[in-house]
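Participant: Provide a 3D model corresponding to the input given below.
(one chain, ligands or ions: 1)
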Amino acid sequence: MNFSLTEEHLMIRDAARDFAQTELLPGVIERDNAQKFPDSLVRKMGELGFLGIMVDPKYGGSGMDTISYVLIMEELSKIDASASVMVSVNNSLVCYGLEAFGSEAQKQKYLTKLATGESIGAFCLSEPEAGSDATSQRTTAIDKGDYYLINGTKNWITNGGRADFYLVIAQTDKHKGSHGINAFIVEKGTPGFDIGPKEDKLGIRGSDTHTLQFNDVKVPKENRIGDDGSGFRFAMKTLSGGRIGIAAQALGIASGAYELALKYSKERKAFGTEICNHQAIAFKLADMYTEIEAARMLVLKAAWDKDQGNNYDKSSAMAKLYASKVAMEQTVEAVQIHGGNGFVKEYHVERLMRDAKITQIYEGTSEIQKIVISRGLIKE
Ligand SMILES: Cc1cc2nc3c(=O)[nH]c(=O)nc-3n(C[C@H](O)[C@H](O)[C@H](O)COP(=O)(O)OP(=O)(O)OC[C@H]3O[C@@H](n4cnc5c(N)ncnc54)[C@H](O)[C@@H]3O)c2cc1C
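Facilitator: I've put the predicted structure just below:
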């Protein structure tokens with residue numbers, strides 16, 4: 001048992017912290033207000049290797065481990081969860097999906113661009129009638145010989161407007177249920193592929209969330225990922241790793257709010273002393289720190305499981321379930337510690353509180369995480 005991070009991990013964490021402070025922090029409130037995607041910052045994150053963190057260097061990636069990924073995700077999310085969700089989707093849903101399941105030709109053509117940040121990816125599973133119940137896919141992909149014809153609607157797609165390549169899950173044979181589902185790479189600009197307006201959201205307002213429409217979209221056969229009928233397994237396995245990224249995002253939101261609350265409590269005076277000297281506030285800080293450290297252990301354990309080649313379905317679901325709960329509860333406490341200032345944008349904690357909520361919803365709601373965990377327990 002070793003609870004220490006390596007020198008390399010510490011360097012990576014510090015580089016991400018530095019980037020978040022110097023590049024993400026300026027303008028984060030304005031981007032949230034205007035729902036503005038951090039375009040120029042995406043290029044810089046690509047240069048730093050943050051968009052292909054775990055990808056093999058032979059495909060343009062940074063070749064780092066999952067521990068490094070969660071350390072980077074935590075630091076970015078402390079400051080700007082809208083930027084970090086973009087990083088998470090590109091890394092653990094799109095790049096991982098292609099590297100683990102794609103053909104060599106697909107890796108050469110798409111992964112090399114995605115891992116360097118030259119291109120951005122999106123992962124398209126959810127539909128108006130298929131969210132938690134992902135097997136109820138209504139988007140169809142009909143085999144037409146040398147191409148598939150895709151029709152349907154995808155909802156809430158992160159990077160939906162800005163992506164260049166979209167991994168789209170669709171039903172190819174509804175009689176086969178989840179075994180009749182496939183995943184496809186669809187390029188932006190393919191005729192019949194339309195991007196709806198950006199969603200106006202409670203949190204992660206800078207992130208780029210859209211509905212996508214597919215009307216007779218022709219996708220070449222070589223753009224199917226993996227064997228025929230492997231799309232549902234592809235989606236579930238990819239999401240299992242994605243949950244580690246979202247758990248780290250939740251951890252970052254919580255720890256960012258905690259750090260702001262601690263600092264504020266040492267500066268703000270009431271009744272002749274700094275508010276941290278009032279036991280009610282000091283105990284809040286103690287509870288916050290303890291809960292955040294517990295979440296951190298679960299997040300690092302899930303990342304470690306993935307790096308060790310262990311099954312990480314249960315540990316990633318546990319990390320996401322717990323870290324997202326901590327993020328929601330502790331950001332509320334951070335607002336409380338800030339008093340009236342917590343309610344105004346300038347102090348950042350109200351944004352973190354709004355951003356926290358999504359971590360309990362996307363890549364599987366908290367209820368779905370409990371299904372995954374309990375199934376894992378019963379199977380053991
Ligand atoms: C900002 C944002 C970004 C997103 N990005 C993406 C993306 O990039 N790609 C993508 O594919 N999707 C994305 N999503 C979709 C997201 O993953 C879904 O919203 C989520 O999985 C929940 O699905 P749903 O909204 O249809 O809710 P529903 O499935 O309708 O669930 C509604 C409620 O019922 C509960 N529920 C459902 N089934 C059960 C059950 N069996 N037992 C107990 N409770 C249950 C849920 O937990 C929830 O509380 C995004 C969503 C948002 C809001």
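
Participant: Is residue 169 in a helix, a strand, or coil?
Facilitator: Put simply, residue 169 is strand when judged by DSSP: H, G, I helix; E, B strand; the rest coil.

Participant: which strand residues sit across from it in the sheet?
Facilitator: Beta-bridge partners for residue 169, by DSSP bridges, are residue 183.

Participant: what about it, how many neighbours?
Facilitator: For residue 169, the number of neighbouring residues by other CB atoms under 10 Å comes to 26. Backbone N, C-alpha and C define where each C-beta goes, glycine included.

Participant: How about residue 260?
Facilitator: Neighbour number of residue 260 under other CB under 10 Å is 21.

Participant: That one sits in which helix or strand?
Facilitator: Secondary structure assignment for residue 260, by DSSP states H and E: helix 231-267.

Participant: is any part of that helix close to the ligand?
Facilitator: No: using CB under 6 Å from any ligand atom, helix 231-267 never reaches the ligand; the gap is at least 8.4 Å.

Participant: Could you point out the helix or strand that follows that helix?
Facilitator: Using DSSP H and E, the helix or strand that follows helix 231-267 in sequence is strand 269-270.

Participant: Give me the mean pLDDT for that next one.
Facilitator: Per-residue pLDDT over strand 269-270 has a mean of 98.

Participant: now for the helix or strand just after that strand, which elements pack on it?
Facilitator: Next helix or strand after strand 269-270 toward the C-terminus (DSSP H and E): strand 273-274. In terms of contacts (3 or more CB pairs under 8 Å, 6 or more residues apart in numbering; DSSP states H and E), strand 273-274 is packed against helix 231-267.

Participant: residues of the helix it packs on that come out buried?
Facilitator: 231-235, 237-258, 260-262, 264-265 (16 or more other CB atoms under 10 Å).

Participant: Same question for stretch 169-184.
Facilitator: Within stretch 169-184, the residues that count as buried by 16+ other CB under 10 Å are 169-173, 178, 180-184.

Participant: CA-only coordinates of that stretch in CSV, if you can.
Facilitator: Taking Å, rounded to 0.1, in the frame of the first residue of the first chain, the C-alpha atoms of stretch 169-184 are listed here in CSV:
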residue,chain,number,x,y,z
ILE,A,169,-24.4,4.7,-31.5
ALA,A,170,-27.3,3.3,-33.6
GLN,A,171,-29.6,0.3,-33.9
THR,A,172,-28.7,-1.8,-36.9
ASP,A,173,-31.1,-4.7,-36.1
LYS,A,174,-33.8,-4.1,-33.6
HIS,A,175,-34.7,-7.8,-33.4
LYS,A,176,-31.3,-8.5,-31.8
GLY,A,177,-31.9,-5.9,-29.0
SER,A,178,-28.6,-4.8,-27.5
HIS,A,179,-26.7,-7.2,-29.8
GLY,A,180,-28.1,-5.3,-32.8
ILE,A,181,-26.4,-2.0,-31.9
ASN,A,182,-23.3,-0.6,-33.5
ALA,A,183,-21.0,2.5,-33.2
PHE,A,184,-20.0,4.6,-36.1
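
Participant: Assign the residue nearest to residue 347 when sequence neighbours are not counted to helix, strand or coil.
Facilitator: Distances taken as CB to CB, 6 or more residues apart in numbering place residue 341 nearest to residue 347, at 4.8 Å, with adjacent residues excluded. Here residue 341 is helix, with the state taken from three-state DSSP.

Participant: From what I see, residue 341 and residue 264 are in contact.
Facilitator: Yes: shown here, residue 341 and residue 264 form a contact pair, counting by CB atoms under 8 Å, at 7.5 Å.

Participant: joint contacts of those two?
Facilitator: Common neighbours of residue 341 and residue 264 (criterion: CB atoms under 8 Å, 6 or more residues apart in numbering): residue 347.

Participant: a strand runs through residue 195, doesn't it?
Facilitator: Yes: Residue 195 forms part of a strand when assessed by three-state DSSP.

Participant: residues contacting it?
Facilitator: Counting by CB under 8 Å, 6+ apart, residue 195 has contacts 160-161, 210, 212-213.
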